[in-house]
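A.B. asks: Dropping a prediction and its sequence here:
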Amino acid sequence: MLLGSFAEAKIPVVKYSGGDGSSPEKAVIVTADNDPIGVSAVFDYLRQHFPGYEIGESSTHETPKRVIESYVLMKAPKKKKTLFFDITAFYDKSESNEEIAAKNDFAAATDKDGRIPTKGDLSGTWSVGPDLVGYVVQLDQKGESVTGRGYFWGCVGTIAMFEAAGTYKAGILRIKFSETTQSHAWHRFKPIEGKDGLQLVDLDSEYRETIYPNEVLAKRRKEAESAQ
């Protein structure tokens with residue numbers, strides 16, 4: 001049972017083309033519907049192609065025909081490079097009020113999902129927690145089949161919606177997020193019991209990113225509030 005509605009919220013389409021990003025002339029061309037999705041796509045590209053690098057300062061240069069954005073990437077101790085993106089297609093383009101409302105409605109609906117996932121049934125809403133960027137995914141398991149949907153968020157709020165489908169076999173959840181940027185494809189999660197309860201560890205994430213059920217995050221929020 002999946003909650004919320006995708007009625008007005010479009011699954012974003014993102015395309016990469018152009019060069020390798022090593023210079024403005026060879027900029028990676030990012031095509032997206034609007035600025036929030038495009039910015040998310042740029043960061044996805046950086047994480048996908050330059051794992052372990054810290055993303056530093058950025059700058060934007062506008063010309064009559066193109067908008068080029070550059071990012072400085074750093075890796076200890078002395079590795080440093082600059083990557084260039086052509087963001088003309090989405091620069092300064094806002095979402096419609098209907099799209100924003102639809103995403104907010106869906107986010108509110110997933111927050112009300114009271115199902116408690118178990119190792120035998122992963123159905124429920126999972127999230128990476130209160131970070132600056134991340135995602136929420138609502139799963140529905142029937143036998144070995146797992147479907148779901150969710151959204152990515154960032155500093156600007158809810159960024160992009162996605163759908164998910166996969167299988168849960170031999171203690172491993174293998175699932176694909178349909179959001180079209182390159183770093184969001186197949187994921188393998190392993191459920192483990194942590195000090196707060198059940199959690200899913202992303203085996204394909206460089207830093208073993210962990211997602212938690214709603215109940216765990218709610219418990220953490222209450223503990224943080226009581227400690228203040």
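C.D. replies: Structure's in. What do you need?
A.B. asks: How is this structure divided into domains?
C.D. replies: Per automatic domain parsing, the structural domains of the chain span 15-86, 97-227.
A.B. asks: lowest-confidence stretch among those domains?
C.D. replies: Taking the average pLDDT of each of those, the minimum falls on domain 97-227, with a mean of 81.
A.B. asks: Adding mean neighbour count as columns, could you present the domains of the chain in CSV?
C.D. replies: C-betas here are computed from N, CA, C, even on glycine. Below are the domains of the chain laid out as CSV (neighbours: other CB atoms under 10 Å):
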stretch, mean neighbour count
domain 15-86, 16
domain 97-227, 17
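A.B. asks: who's in contact with the residue nearest to Lys176 when sequence neighbours are not counted?
C.D. replies: The shortest distance from Lys176 to any non-neighbouring residue, by CB to CB, 6 or more residues apart in numbering, is to Trp186 (5.0 Å). By CB atoms under 8 Å, 6 or more residues apart in numbering, Trp186 lies in contact with Gly166, Arg174, Ile175, Lys176, Asp204.
A.B. asks: who's the fourth one bridged to?
C.D. replies: In this structure, Lys176 bridges to Ala165, Trp186 when assessed by DSSP bridges.
A.B. asks: Helix, strand, or coil at Gly38?
C.D. replies: What DSSP: H, G, I helix; E, B strand; the rest coil gives for Gly38 is helix.
A.B. asks: measure it to Lys176 for me?
C.D. replies: From Gly38 over to Lys176 the distance is 22 Å, taken as CB to CB, to the nearest Å.
A.B. asks: where do the helices sit along the protein?
C.D. replies: Residue ranges of the helices in the chain, as given by DSSP state H, are 35-49, 97-111, 214-227.
A.B. asks: got the contacts of Trp186 as a markdown table, with distance to Phe43 columns?
C.D. replies: Listed next are those as a markdown table, based on distance: CB to CB, whole Å:
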| residue | distance to Phe43 |
| --- | --- |
| Gly166 | 24 |
| Arg174 | 25 |
| Ile175 | 22 |
| Lys176 | 20 |
| Asp204 | 18 |
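A.B. asks: and of those residues, the nearest to Lys80?
C.D. replies: Asp204 (27.1 Å; CB to CB).
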